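Colleague: Mind folding the following:
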Amino acid sequence: MTIISKKRFALYLAASGAVGASSPAYAVTCAVEAHVIERTLQLDVAVTAQIVKSKTLLITEEMRQRQLLLAALKVLTKQESGSGQQTATVVKKSAEAAASTNVAQRQAYQIADAKERYGVTGYDSCGLQTKGQSFYSANMAMAGKAASYRNGTYFKPGEYGSPREWAALAQSGSNFDAASIFSGDSAAAAEYINFVAGPPIEKQAGGGMAAELQTFEKNRNDVRRSVVVNVLSSIAAENEPGGAREKLAELTKHWTGDDGGIKWAQASADKPLRATLLDAVRIEAANIALMAFQVKDNARTELALASYALSRVNRAVFNGNEGIVSVGAGQRRADLR
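Modeller: Numbers count the residues shown, from 1 in each chain. Model (predicted):
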């Protein structure tokens, strides 16, 4: 019995005692009421205990449910946080992938553009460079080769010499055809040039007027003869195997070939515009080289024609007897001294 129930029970007994003191009947019922009251108090205690127990259980259950709810909320919060992080990560990775793809596409475009611009450099550009260098080297070497032909003749401009070796060549030689200087045979060309140059002139014994006239006449003839030797030597040097004319022909045939340029046109059909423009520039450069070579040929031709015209004029003026006129000129010159 709880403290509160005991207090209630004592108060109840006190009240009952006060009432029962004045009534005998009340004494009979007192015992019954006391029993009922006691039983009621016991029930009150039991009910109170059950209520307390139930309250405790409810509080415990509420606490447990609250803990479960809090735990669930924590899990949900974590899930939402993780989902947000995953979403942010996915967005970030997607942006990085898009950026990488964009960069890769741009690089691929730049590479393709560079290949189109610089990967194709015209029709057989390496072969053309080799041919151009070969022509340049052959053209530069031509002067030395021509000098070797000039220096190989018995005739030396401005010098006296014996004609015997030249006479032996004229008797035993075999290359008396002008085709020798175009044949590419350097030995045959040298022999032909030597023969055309003519024999050296021996210096006459003694001195005085006759020696001076001989020198005058010789030098005047040497001038014309040297023109012949220089022109023929230059032609022979050009037409040697691997010479400037052969290399120039290879250079000019780079595009036309043996089929009139069909192979070049087919190879250039699917090439970018830059390749065609490069070919156009190189063709123009080759044309300039050809024109320069032709200018040199024309200068050589003009030199030969001028020398020939001068000889014809001298022959016409002096009636074919330049020797006598020369002597007269020498005499006049001597007189002037």
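Colleague: if you skip the residues just before and after it, what's nearest to Asn239?
Modeller: Phe182 (5.1 Å; CB to CB, 6 or more residues apart in numbering). The way it works is simple: take the backbone N, C-alpha and C, and place the C-beta from them, glycine included.
Colleague: The longest helix along the chain - what's its average pLDDT?
Modeller: For the chain, the longest helix by residue count, based on DSSP state H, is helix 24-114. Helix 24-114 comes out with an average pLDDT of 75.
Colleague: so after it, what's the next helix or strand?
Modeller: Downstream of helix 24-114, the next assigned helix or strand under DSSP states H and E is helix 125-151.
Colleague: so what secondary structure elements neighbour that following helix?
Modeller: Secondary-structure packing of helix 125-151 (3 or more CB pairs under 8 Å, 6 or more residues apart in numbering; DSSP states H and E): helix 186-197, helix 209-238, helix 244-256, helix 273-317.
Colleague: Select, out of these, the one closest to Thr130.
Modeller: Thr130 sits nearest to helix 244-256 of all those, at 9.5 Å, using CB to CB.
Colleague: Give the next helix or strand downstream of that closest one.
Modeller: helix 262-268.
Colleague: for that following helix, which positions count as buried?
Modeller: Residues of helix 262-268 classed as buried: 264, 268 (neighbour count, 16 or more other CB atoms under 10 Å).
Colleague: Where does the prediction get shaky in the protein?
Modeller: 1-33, 79-84, 87, 319-337 (pLDDT under 70).
Colleague: What residue spans form the domains of it?
Modeller: As assigned by automatic domain parsing, the chain contains the domains 3-95, 122-336.
Colleague: Of those domains, which stretch is the most buried?
Modeller: domain 122-336 (a mean of 15; mean count of other CB atoms under 10 Å).
Colleague: So what's the gap between it and the chain middle?
Modeller: 42 Å (CA atoms, centre = their mean, to the nearest Å).
Colleague: To Ala99, which of the helices and strands packed on helix 125-151 lies closest?
Modeller: Nearest of those (CB to CB): helix 273-317, 31.7 Å.
Colleague: Spatially nearest residue to Lys156, not counting backbone neighbours?
Modeller: Distance criterion CB to CB, 6+ apart; nearest residue to Lys156, sequence neighbours excluded, is Pro200 at 6.6 Å.
Colleague: Only alpha carbons, please: show stretch 202-219 as CSV.
Modeller: Output of stretch 202-219 as CSV, limited to C-alpha atoms (Å, rounded to 0.1, in the frame of the first residue of the first chain):
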residue,chain,number,x,y,z
GLU,A,202,105.6,29.4,-134.2
LYS,A,203,107.4,32.6,-133.5
GLN,A,204,109.6,33.8,-136.4
ALA,A,205,113.3,34.1,-135.8
GLY,A,206,114.7,37.6,-135.5
GLY,A,207,113.0,40.8,-134.5
GLY,A,208,112.2,44.2,-135.9
MET,A,209,109.2,45.0,-138.0
ALA,A,210,108.5,41.5,-139.2
ALA,A,211,108.3,40.1,-135.7
GLU,A,212,106.0,42.9,-134.7
LEU,A,213,103.7,42.4,-137.7
GLN,A,214,103.6,38.7,-136.9
THR,A,215,102.6,39.3,-133.3
PHE,A,216,100.0,41.8,-134.5
GLU,A,217,98.5,39.3,-136.9
LYS,A,218,98.6,36.4,-134.5
ASN,A,219,96.9,38.3,-131.7
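Colleague: Could you report the distance from the closest residue to Asp177 other than its chain neighbours to Ala236?
Modeller: Once flanking residues are discounted, Asp177 sits nearest to Tyr192: 7.2 Å by CB to CB, 6+ apart. Separation of Tyr192 from Ala236 (CB to CB, to the nearest Å): 8 Å.
Colleague: residues shared between the contacts of these two?
Modeller: Ile181 (CB atoms under 8 Å, 6 or more residues apart in numbering).
Colleague: Tell me if I'm right that the residue nearest to Asp177 and Phe182 touch.
Modeller: No - with contacts counted by CB atoms under 8 Å, Tyr192 stays clear of Phe182, the gap being 10.2 Å.
Colleague: on that earlier part again, name the SS class of the residue nearest to Lys156, please.
Modeller: Following DSSP: H, G, I helix; E, B strand; the rest coil, we place Pro200 in the coil state.
Colleague: Spit out the contact partners of the closest residue to Asn230 other than its chain neighbours.
Modeller: Spatial nearest neighbour of Asn230, chain neighbours left out: Arg150 (6.5 Å); criterion: CB to CB, 6+ apart. Residues counted as contacts of Arg150 (CB under 8 Å, 6+ apart) are 229-230, 233.
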